[in-house]
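Participant: here are the coordinates; sequence isn't available:
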C-alpha cells in the first residue's frame, strides 16, 4: 500500500468515507436552508422542466405514483404533477426547501431523505420511509430528478440512478434535468453560499443513463440565464427516459 493510499483514513475505511460524504451533503442542505425562497427568484422560468412534467402527465394514468427526487421547494414539478392527478412523493435533504414544498403542493407527501439512500435499508432505518427502501422495489410508475443530481459527485449520481431504477416498475418513466458541463464535485458560489456541483456533456449523460438501465427517448437542450445573473447562460439538459428490463 502506498503513502498516497494511506494518507486519507476515509479512503481506507468505507464507513468513514460514507460519513464524510454524508457530512458534505449535510452542508449542502444547510446551504439551501439559508438560500430559501431566493432560489425561486433566481429561477422563475422553467419551460423545459414544465414540458417534461407535461410528458409525464400525458404518459401516466390518474393516480400513478411518482417520486420527485430532490424536490426542492416543490415548484414547479411536485405541484404540477399533483395538480394533474398523480400521487406525488417528494424527498429532499433540506428542511427549509421541504417546508416550501409542502405549501406549494399540499396534496403531495414529502419526506426528509438523502437521495443516495433510495432503495437501501437506510431509507427506512435512518429516514423512516421504508416504502422507498428495498420493499418498494418496482412500485413507482415514474420519477423526476430536476437539478438535484448535479449536487452530488459523479459516483453518487450513478448510485442514485441505480436506486431510482430499483423503485420503478419495468417500463417506468424518468425525467432528468441537468446542466451541461464537464465538472465533478466542483465548488461554486451561489446566492452567498458555496455549493458543489457536477455536470456532464449530453452524450456522456445519456450514456450513463443507458448504463444504469434506462432507454433515453429524448434529449432537449435549453439556454438559461438565472435572473439577475451576470454570468453567461448555462445549457440545461432535459432527458426523457424509460426503465428497460
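Facilitator: Nice, thanks for sending it over. Computed from a predicted structure; not experimentally measured.
Participant: distance of the residue lying closest to residue 218 once chain neighbours are set aside from residue 49?
Facilitator: Once flanking residues are discounted, residue 218 sits nearest to residue 240: 4.4 Å by Cβ to Cβ, 6 or more residues apart in numbering. The C-beta positions use only the backbone N, C-alpha and C, and glycine is treated the same way. To residue 49, residue 240 is 12 Å away according to Cβ to Cβ, to the nearest Å.
Participant: same deal with residue 67?
Facilitator: According to Cβ to Cβ, residue 67 stands 16 Å off from residue 49.
Participant: Tell me which of the two has more neighbours.
Facilitator: Each of residue 67 and residue 49 has its neighbours counted (other Cβ atoms under 10 Å); residue 67 has more, 26 against 22.
Participant: how near is the more buried one to residue 196?
Facilitator: Distance, residue 67 to residue 196, using Cβ to Cβ: 24 Å.
Participant: quick revisit: so the residue nearest to residue 218 makes contact with residue 175?
Facilitator: Yes. Residue 240 is within contact range of residue 175, at 5.9 Å (criterion: Cβ atoms under 8 Å).
Participant: intersection of neighbour lists for these two?
Facilitator: By Cβ atoms under 8 Å, 6 or more residues apart in numbering, residue 240 and residue 175 have these common neighbours: 52, 55.
Participant: Please identify which of those two sits among more neighbours.
Facilitator: More crowded of residue 240 and residue 175, by other Cβ under 10 Å: residue 175, with 26 against 20.
Participant: quick one, helices of this protein?
Facilitator: Remark: helices assigned in the chain by DSSP state H are 3-6, 9-12, 14-35, 38-42, 47-59, 77-83, 95-104, 122-125, 154-167, 202-211.
Participant: if you compare those, which one is most tucked away?
Facilitator: helix 77-83 (a mean of 24; mean count of other Cβ atoms under 10 Å).
Participant: List the contacts of residue 83.
Facilitator: Neighbour list for residue 83: 105, 107 [criterion: Cβ under 8 Å, 6+ apart].
Participant: Distance check, it against residue 110.
Facilitator: Per Cβ to Cβ, residue 83 is found 15 Å from residue 110.
Participant: and what of residue 176?
Facilitator: 20 Å.
Participant: Who has more neighbours out of those two?
Facilitator: In terms of neighbours (other Cβ under 10 Å), residue 176 is the more surrounded of residue 176 and residue 110; the figures are 27 against 23.
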